[in-house]
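J.: make a model of this:
(chains A, B, C and D)
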There are 2 protein chains.
Amino acid sequence: MDHCSACVVRNSAICSALDMDEIALLGKMGRHHKLVAGQTLMWEGEDSLLVANIIDGVLKLSTSLADGREQIVGVVYPSDFIGRPFGARTQHNVTALTDAHICSFSSSDFDRFARAHPELEHKLLERTLAELDRTRRWLLLLGRMTASEKLAHFLLDMSARLVKQDCRAAGPADAFDLPFGRQQIADILGLTIETVSRRLNDFKAQGLIEVPSRRRIEILNRAGLESITDAV
Amino acid sequence: MDHCSACVVRNSAICSALDMDEIALLGKMGRHHKLVAGQTLMWEGEDSLLVANIIDGVLKLSTSLADGREQIVGVVYPSDFIGRPFGARTQHNVTALTDAHICSFSSSDFDRFARAHPELEHKLLERTLAELDRTRRWLLLLGRMTASEKLAHFLLDMSARLVKQDCRAAGPADAFDLPFGRQQIADILGLTIETVSRRLNDFKAQGLIEVPSRRRIEILNRAGLESITDAV
DNA sequence: CGCCTTTCTTGACGCGCATCAAAGAAAGGC
DNA sequence: GCCTTTCTTTGATGCGCGTCAAGAAAGGCG
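T.: Alright, predicted model coming up:
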């Protein structure tokens, strides 16, 4: 796979830990893959057979209860890594939210390669530590915040992640398109779709945001949103 | 520090990745430390100056909001590892729940040593991946479970972790002492202390558990508790 | 042992968010 | 273009859990 030299995430994915020769070696084991929005790549509970780098698109990690209640436990973006190396069972579903490109490896191939390349493992460790920090902050959100606080937090977080890559000419500075529908926002924040809709309209009524189309958000008053998350 | 050869967690802590020579080297950098119950070892937001292995005792990781709401985001037991290697800021408070012994290292010493010893980093990676899996399941609990489901889950989880090390002669099989007070259980589950107390008494009234003293739990009907967590 | 502090329980009450229901808006198919 | 399907909004209602307020039990300590 000589795609690697042209890969758009080559300098930000974990591959950046490797030199040219190593990349070539790893590249031979990788398979480029295309996912359509809605497609599920891995299922909760099944053996962990593959891992992958996200080249393009957004995917969700989710778990659910027997009666259908669902919780999104992670969202991954280009250059992120998905899958569970080192022999455990997959703990959550992995589903594409948008059309996506990934570069996948067989778990066993990847595990073997990683153990032989400490720099790669180190990169993976740093990513995993950062993801653990982020997930722990999320516990605070789910366990202790009100619906408004959750949503304000969510919007600010999304703007931090999404604004840069959104280069629409017109419109105010803090504008972006969410890769989520209302139900998915609810599944991220531990709310119902109705509550998400209502609080979003409250924000609109307060002049904090504008919602020109279903998935588009424009932040009109960032300080106002921040004051909601400040937890006086 | 020649304590290492006599260390009780030597075969289960991350040190188990190392051979005798390496352990001796790492041991020289480590300092044995004693904590009393309630003592806070690290503070949210401060620079990450040390990491440590837990030798004995139980500690909590917690974050809080400006108005005092608190969420426990992790609980660590003997042989677990605490602190944030590789240069980030500490994201949560670390507080001893019981008297505790730890073996601590300066972050910078440890980072340098770890980067030079891939086997150690690998062990740390496996631990971090497992902790991330556990934390993500916790998201499901906080985001989507009712108070009773949360508590039943909690009790079963605690029994899995605590029963083995509790060798009190008398009493039924599934008996253990929690290292938590009611408030701490509430802070783990995203509830209030009153709700914890009420649901616990419900379980008692249903004959599922017995609570002979404040911190002691005896599971009388495990299947009954499990059916609560099954989410029909 | 008695006093004091801390922790836990119990009750009354109300709010926030879920639930149930239905209408409205956007998107996709042909 | 119209029709169907899917997603979102809006309204009415109710329950679960939080909040507020005592009171009871358990520890700690002189």
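
J.: show the pLDDT at the spatially closest residue to residue A:209 that is not a sequence neighbour.
T.: Closest residue to residue A:209 apart from its sequence neighbours, by Cβ to Cβ, 6 or more residues apart in numbering or on different chains: residue A:203 at 4.8 Å. Placement of C-beta: from N, CA and C, glycine included. pLDDT, residue A:203: 97.

J.: now swap in residue A:3 and tell me
T.: What the model reports for residue A:3 is a pLDDT of 72.

J.: and it, how far is that from residue A:19?
T.: Counting by Cβ to Cβ, to the nearest Å, the separation of residue A:3 from residue A:19 is 17 Å.

J.: those two: which is more packed in?
T.: Neighbours around residue A:3 and residue A:19, counted as other Cβ atoms under 10 Å in any protein chain shown, are more numerous at residue A:3. The numbers are 12 against 9.

J.: for that one, list the residues it contacts.
T.: A:27, A:32, A:103 (Cβ atoms under 8 Å, 6 or more residues apart in numbering or on different chains).

J.: how close does residue A:85 sit to residue B:220?
T.: 41 Å.

J.: higher neighbour count, those two?
T.: A direct count of neighbours by other Cβ under 10 Å for residue A:85 and residue B:220 places residue A:85 higher, at 21 against 16.

J.: that one and chain B, how far apart?
T.: Residue A:85 sits 7 Å away from chain B, taking Cβ to the nearest Cβ, to the nearest Å as the criterion.

J.: so what pLDDT did that residue get?
T.: Residue A:85 is assigned 95 on the pLDDT scale.

J.: sec struct for it, please.
T.: Residue A:85 carries the three-state label coil when classified by DSSP: H, G, I helix; E, B strand; the rest coil.

J.: doesn't residue A:107 make contact with it?
T.: Yes. Here residue A:85 reaches residue A:107: they are 6.7 Å apart, a contact under Cβ atoms under 8 Å.

J.: identify the contacts common to those two.
T.: The contact sets of residue A:85 and residue A:107 overlap at A:48, A:51 (Cβ under 8 Å, 6+ apart).

J.: just the buried subset of the contacts of residue A:3, please.
T.: A:27, A:103 (16 or more other Cβ atoms under 10 Å in any protein chain shown).

J.: could you dump the contacts of residue A:3 into CSV with distance to DNA strand C added?
T.: Output for the contacts of residue A:3, formatted as CSV (distance: Cβ to the nearest atom of the strand, whole Å):
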residue, distance to DNA strand C
A:27, 34
A:32, 25
A:103, 26
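
J.: packing partners for the lengthiest helix in chain A?
T.: The residue-count maximum for a helix in chain A (DSSP state H) belongs to helix A:118-144. Secondary-structure packing of helix A:118-144 (3 or more Cβ pairs under 8 Å, 6 or more residues apart in numbering or on different chains; DSSP states H and E): strand A:70-76, helix A:107-116, helix A:147-162, strand B:59-64, strand B:70-76, helix B:118-144.

J.: nearest to DNA strand C, out of the ones you listed?
T.: For those, distance to DNA strand C was read as Cβ to the nearest atom of the strand. The smallest value, 3.7 Å, belongs to helix A:147-162.

J.: distance between the next helix or strand after the closest one and the chain's centre?
T.: For helix A:147-162, the following helix or strand on the C-terminal side (DSSP states H and E) is strand A:175-177. Using Cα atoms, centre = their mean, to the nearest Å, the distance from the centre of strand A:175-177 to the centre of the chain it belongs to is 16 Å.

J.: is strand A:175-177 positioned near DNA strand D?
T.: No. Judged by Cβ under 7 Å from any atom of the strand, strand A:175-177 and DNA strand D are separated, with a smallest distance of 11.6 Å.

J.: same question, stretch A:64-72
T.: No. If you take Cβ under 7 Å from any atom of the strand as the test, stretch A:64-72 misses DNA strand D, and the best it gets is 12.3 Å.

J.: what does that stretch contact?
T.: Outside of stretch A:64-72, the residues within contact range by Cβ under 8 Å, 6+ apart are A:44, A:60-63, A:93, A:184, A:187-188, A:190, B:139-140, B:143-145, B:230-232.

J.: the same query, at a cut-off of 10 Å, please.
T.: For stretch A:64-72, the surrounding residues in contact (Cβ atoms under 10 Å, 6 or more residues apart in numbering or on different chains) are A:44, A:60-63, A:92-93, A:95, A:97, A:138, A:142, A:180, A:183-190, B:136-137, B:139-146, B:149, B:229-232.

J.: for DNA strand D, tell me which of the residues you listed show up nearby.
T.: A:183, B:146.

J.: now, of the contacts of stretch A:64-72, which are buried?
T.: Buried members of the contacts of stretch A:64-72, scored by 16+ other Cβ under 10 Å, are A:60-63, A:92-93, A:95, A:97, A:138, A:142, A:180, A:184-190, B:136-137, B:139-145, B:149, B:229.

J.: following the helix or strand harbouring residue A:196, which helix or strand shows up next?
T.: Residue A:196 belongs to helix A:193-205 when assigned by DSSP H and E. Per DSSP H and E, helix A:193-205 leads on to strand A:209-210 as the next helix or strand towards the C-terminus.

J.: partners of the helix or strand that that following strand is followed by, with directions?
T.: Later in the chain than strand A:209-210, the nearest helix or strand by DSSP H and E is strand A:216-219. Strand pairing for strand A:216-219, using DSSP bridges, gives strand A:175-177 (antiparallel), strand A:209-210 (antiparallel).

J.: domain assignment for chain A?
T.: Residue ranges for each domain of chain A read A:2-135, A:145-229, as given by automatic domain parsing.

J.: now tabulate those in TSV and tack on distance to residue B:40.
T.: Listed next are these as TSV, based on distance: least, Cβ to Cβ, whole Å:
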stretch	distance to residue B:40
domain A:2-135	19
domain A:145-229	23
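
J.: doesn't residue A:101 make contact with residue A:31?
T.: No. Taking Cβ atoms under 10 Å as the definition, residue A:31 is not a contact partner of residue A:101, at 11.3 Å.

J.: what about the two, which has more around it?
T.: Neighbours were counted for residue A:31 and for residue A:101 using other Cβ under 10 Å; residue A:101 has more, 19 against 12.

J.: distance of the more buried one from DNA strand C?
T.: 19 Å (Cβ to the nearest atom of the strand, to the nearest Å).

J.: now do the same contact list for residue A:222.
T.: Residues near residue A:222 by Cβ under 10 Å, 6+ apart: A:155-156, A:159, A:173-174, A:208-209.

J.: check residue A:161 too.
T.: Applying Cβ under 10 Å, 6+ apart to residue A:161 gives the contacts A:58, A:75, A:77, A:176, A:179.

J.: returning to that earlier point: distance of the residue nearest to residue A:209 from residue A:187?
T.: Separation of residue A:203 from residue A:187 (Cβ to Cβ): 19 Å.

J.: so is the longest helix of chain A next to DNA strand C?
T.: No. Judged by Cβ under 7 Å from any atom of the strand, helix A:118-144 stays clear of DNA strand C, getting no closer than 10.5 Å.
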